[in-house]
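Trainee: could you work out the structure for the sequence below:
(chains A and B)
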Amino acid sequence: QSVLTQPPSVSAAPGQKVTISCSGSSSNIGNNYVYWYQQLPGTAPKLLIYENNKRPSGIPDRFSGSQSGTSVTLGITGLQTGDEADYYCETWDSSLSVVVFGGGTKLTVL
Amino acid sequence: EVQVVESGGGLVQPGGSLKLSCAASGFTFSGSGLHWVRQASGKGLEWVGLIEGKPKNYATGYSASVKGRFTMSRDDSKNTAYLQMNSLKTEDTAVYYCVTGVTTTGFDCWGQGTLVTVSS
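Mentor: Next up, the predicted model:
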């Protein structure tokens, strides 16, 4: 059971927008930066969002991150079939002194 | 090119040992913290632990599931980090990734992973 809670799956049609939530507590999301990763089938994860809402070089602005209290949200607009992947949130837990990942969310683009 | 490359995975019996390596290139290795993250087949990502770089005195940290069994080390002269895994259990079976942050504070550099299978 993950410290960070994500929905197991989300889906939307091509061109639409989808959001993926990640909820935690004051010991993790509430007081530490959150990161989002995309894992395409059969590949290593890739950093999508860092420090809650920043995009690394090369990540399109269709991907966005936001934070409110002890929850964060990943937004993806203009969905493409190539966005079908597993998405993970990640942060540091100050109470446990460990890095924690969400359980992952499988995005299906219908 | 910035990259990390894992090696050393394989099949090992329960209770056995295995040592993984992570060879880095393209960035200042001695100043960088190195993490290990694993993923069992069909499952999510699980953080294993980290070893900090020289500025943070090579401090280490481990997840509860591996503490006392796994040990991380590094040889900055070889730009290589290691994960010594002892007393292996079947539940340690996973792809093990070496990861670090080079241009951001996140894990922006991942290896291709190395598969560890613990089975009799």
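Trainee: interface residues of chain B facing chain A?
Mentor: Residues of chain B lying near chain A by CB under 8 Å from any CB of the partner chain: B:35, B:37, B:44-47, B:50, B:61, B:63-64, B:97, B:103-108, B:110-113. Yep, even glycine has a C-beta here, placed from its N, CA and C like the rest.
Trainee: can you rerun that using 7 Å?
Mentor: Residues of chain B lying close to chain A (CB under 7 Å from any CB of the partner chain) are B:35, B:44-47, B:61, B:63, B:97, B:103-108, B:110-113.
Trainee: quick one: the residue nearest in space to the middle of chain B from A:Ser95, how far?
Mentor: With distances taken as CA atoms, centre = their mean, chain B has B:Trp36 as the residue nearest its mean C-alpha position (3.2 Å). B:Trp36 sits 22 Å away from A:Ser95, going by CB to CB, to the nearest Å.
Trainee: and if you look at B:Asp75?
Mentor: Per CB to CB, B:Asp75 is found 33 Å from A:Ser95.
Trainee: so B:Glu6 touches B:Val99, yeah?
Mentor: No - using CB atoms under 7 Å, B:Glu6 is not in contact with B:Val99; the gap is 9.8 Å.
Trainee: please identify which of these two sits among more neighbours.
Mentor: B:Val99 (27 against 23; other CB atoms under 10 Å in any protein chain shown).
Trainee: tell me who's in contact with the nearest residue to that one once chain neighbours are set aside.
Mentor: Nearest residue to B:Val99, sequence neighbours excluded (CB to CB, 6 or more residues apart in numbering or on different chains): B:Phe107, at 4.3 Å. Neighbour list for B:Phe107: A:Tyr35, A:Leu47, B:His35, B:Val99, B:Thr100, B:Gly101 [criterion: CB atoms under 7 Å, 6 or more residues apart in numbering or on different chains].
Trainee: pretty sure B:Phe107 sits in a strand.
Mentor: No - with DSSP: H, G, I helix; E, B strand; the rest coil as the criterion, B:Phe107 is located in coil rather than a strand.
Trainee: can you read off the pLDDT for it?
Mentor: pLDDT, B:Phe107: 95.
Trainee: now it: how far from B:Ser119?
Mentor: Here the distance between B:Phe107 and B:Ser119 works out to 29 Å (CB to CB).
Trainee: what's the separation between the residue located most distally from the centre of chain A and A:Leu48?
Mentor: Centroid-distance maximum for chain A: A:Ser95 at 21.6 Å, with CA atoms, centre = their mean. Per CB to CB, A:Ser95 is found 26 Å from A:Leu48.
Trainee: show the contacting residues for B:Val118.
Mentor: Contacts of B:Val118 by CB under 7 Å, 6+ apart are B:Val12, B:Pro14, B:Leu88, B:Lys89, B:Thr90, B:Asp92, B:Thr93.
Trainee: can you redo these as TSV with pLDDT and secondary structure?
Mentor: Compiled in TSV, those are given as follows (pLDDT from 0 to 100; DSSP: H, G, I helix; E, B strand; the rest coil):
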residue	pLDDT	secondary structure
B:Val12	98	strand
B:Pro14	98	coil
B:Leu88	98	coil
B:Lys89	98	coil
B:Thr90	98	helix
B:Asp92	98	helix
B:Thr93	98	coil
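Trainee: now do the strands in chain A.
Mentor: Remark: strands assigned in chain A by DSSP state E are A:9-12, A:18-23, A:34-39, A:46-49, A:63-68, A:71-76, A:85-93, A:98-101, A:105-109.
Trainee: pick the most deeply packed of those.
Mentor: Highest mean neighbour count among the strands of chain A (mean count of other CB atoms under 10 Å in any protein chain shown): strand A:34-39, with a mean of 25.
Trainee: cheers, nothing more for now.
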